[in-house]
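S.K.: no sequence for this one, just the structure:
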């Protein structure tokens, strides 16, 4: 009870901002929408439950059914996803568990060959960021950044927490560690600066809705319906973006969208998006750079 009462009832990370009151935002070459695609490349621990397709075995240790269903993503699904994205000229901004670097280095090789950006995504997707001590959280963030840098050759500039989880200090620790943008806060269609104790961090729009985990696991939607959602989201943002530029995030997991019966609809959606002229298909780092250079107040 004392822990709950000591937590702030309001955050102080950013002021309220109504989108029609902001200066008009313009992307490179007059694009109306900046589209970034975020494959979540993840490792799961064998001794605990996580995302499940069958609830009946989720409490077992080991839970071979659901573990191996997730394991499909790194063995098969991610490679199909890479092919689909490459065909449509889409570079991924991969949210990368650092354990992937240890257990599946072939994925790093494949992503680097495609020019993907690598974003920090915790150590593995069985470890959320919330209950650690300050020092434990600081070490976790530092380990992820160092591991991703050593494995990929890129120092990660962006961060998406496993399950979009944070403690009250996470943003401050990320800023101190040199992270430039975060995707945990799914509350906008444009980037915005966040208040941190030292340094600076930008929020780049991610999505809990145009997200295959929510669509398939939480809502039980079909691949065809999710593909339609992607197209519908893009069409409305494309119209709204004529007045002021928007960001569209497409959030994917290889163990979901990497299945053949879903990937065909992802391919159709990417074909629809890339057929439009005033669209900027880009990465999280490029969005952050453009916004910081042109719109961020010093």
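M.R.: Yep, it's here. Owing to the predicted nature of the structure, the values given are computational and were not obtained by experimental measurement. Residues are numbered from 1 along each chain as shown.
S.K.: what sits against residue 197?
M.R.: The neighbourhood of residue 197, defined by C-beta atoms under 8 Å, 6 or more residues apart in numbering, consists of 172, 175-176. C-beta coordinates here come from the backbone N, C-alpha and C atoms, glycine included.
S.K.: Identify, from the residues you listed, the entry nearest to residue 269.
M.R.: Nearest to residue 269, judged by C-beta to C-beta, of the contacts of residue 197 is residue 175 at 34.3 Å.
S.K.: Which other helices and strands does whatever helix or strand that closest one lives in contact?
M.R.: In this assignment (DSSP states H and E), residue 175 forms part of helix 170-176. Other helices and strands packing on helix 170-176, by 3 or more C-beta pairs under 8 Å, 6 or more residues apart in numbering; DSSP states H and E, are helix 134-152, strand 201-203.
S.K.: For stretch 109-124, buried residues please.
M.R.: Across stretch 109-124, burial judged by 16 or more other C-beta atoms under 10 Å covers 111, 116-124.
S.K.: next one: stretch 154-172
M.R.: 154, 156-162, 164, 166-167, 169-172.
S.K.: Could I get the contacting residues of the residue nearest the centre of the chain?
M.R.: For the chain, residue 38 is the residue whose C-alpha lies nearest the centre (C-alpha atoms, centre = their mean; 4.8 Å). When contacts are counted by C-beta under 8 Å, 6+ apart, residue 38 touches 92-95, 119, 160, 183, 206, 249-252, 284.
S.K.: related to what we said a few turns ago, I'd like to check what contacts the helix or strand following the helix holding residue 175. Which residues are they?
M.R.: Counting by DSSP H and E, the next helix or strand C-terminal to helix 170-176 is strand 181-182. Applying C-beta under 8 Å, 6+ apart, the contact partners of strand 181-182 are 157-160, 171, 174, 191, 194, 201-204, 284-285, 287-288.
S.K.: Remind me which helix or strand residue 95 belongs to.
M.R.: Using DSSP H and E, residue 95 sits in strand 93-96.
S.K.: Direction included, what does that strand pair against?
M.R.: strand 33-41 (parallel), strand 117-120 (parallel) (DSSP bridges).
S.K.: For these, give me TSV that also has distance to residue 241 and mean pLDDT.
M.R.: Converted to TSV, the strands paired with strand 93-96 look like this (distance: least, C-beta to C-beta, whole Å; pLDDT from 0 to 100):
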stretch	distance to residue 241	mean pLDDT
strand 33-41	5	99
strand 117-120	22	98
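S.K.: I'd like the ones you listed as a markdown table, with distance to residue 79 appended.
M.R.: Output for the strands paired with strand 93-96, formatted as a markdown table (distance: least, C-beta to C-beta, whole Å):
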| stretch | distance to residue 79 |
| --- | --- |
| strand 33-41 | 11 |
| strand 117-120 | 17 |
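S.K.: can you tell which of these is closest to residue 267?
M.R.: Closest approach to residue 267 among the strands paired with strand 93-96 (C-beta to C-beta): strand 33-41, 12.2 Å.
S.K.: could you pull out the helices for the stretch 1-150 of the chain?
M.R.: Taking DSSP state H, counting those that start in this stretch as the test, the helices found in the stretch 1-150 of the chain are 2-6, 64-72, 78-87, 98-103, 105-113, 134-152.
S.K.: Quick one: closest of those to residue 31.
M.R.: helix 78-87 (18.7 Å).
S.K.: average model confidence for that closest one?
M.R.: Averaging pLDDT along helix 78-87 yields 98.
S.K.: rewinding a little: model confidence over the strand holding residue 95, on average?
M.R.: For strand 93-96, mean pLDDT rounds to 99.
S.K.: And for stretch 239-247?
M.R.: Per-residue scores along stretch 239-247 average to 98.
S.K.: re earlier: would you list the contacts of residue 197 in JSON lines and tack on pLDDT and distance to residue 263?
M.R.: JSON lines is the format used below for those (pLDDT from 0 to 100; distance: C-beta to C-beta, whole Å):
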{"residue": "172", "pLDDT": "98", "distance to residue 263": "39"}
{"residue": "175", "pLDDT": "98", "distance to residue 263": "37"}
{"residue": "176", "pLDDT": "98", "distance to residue 263": "39"}
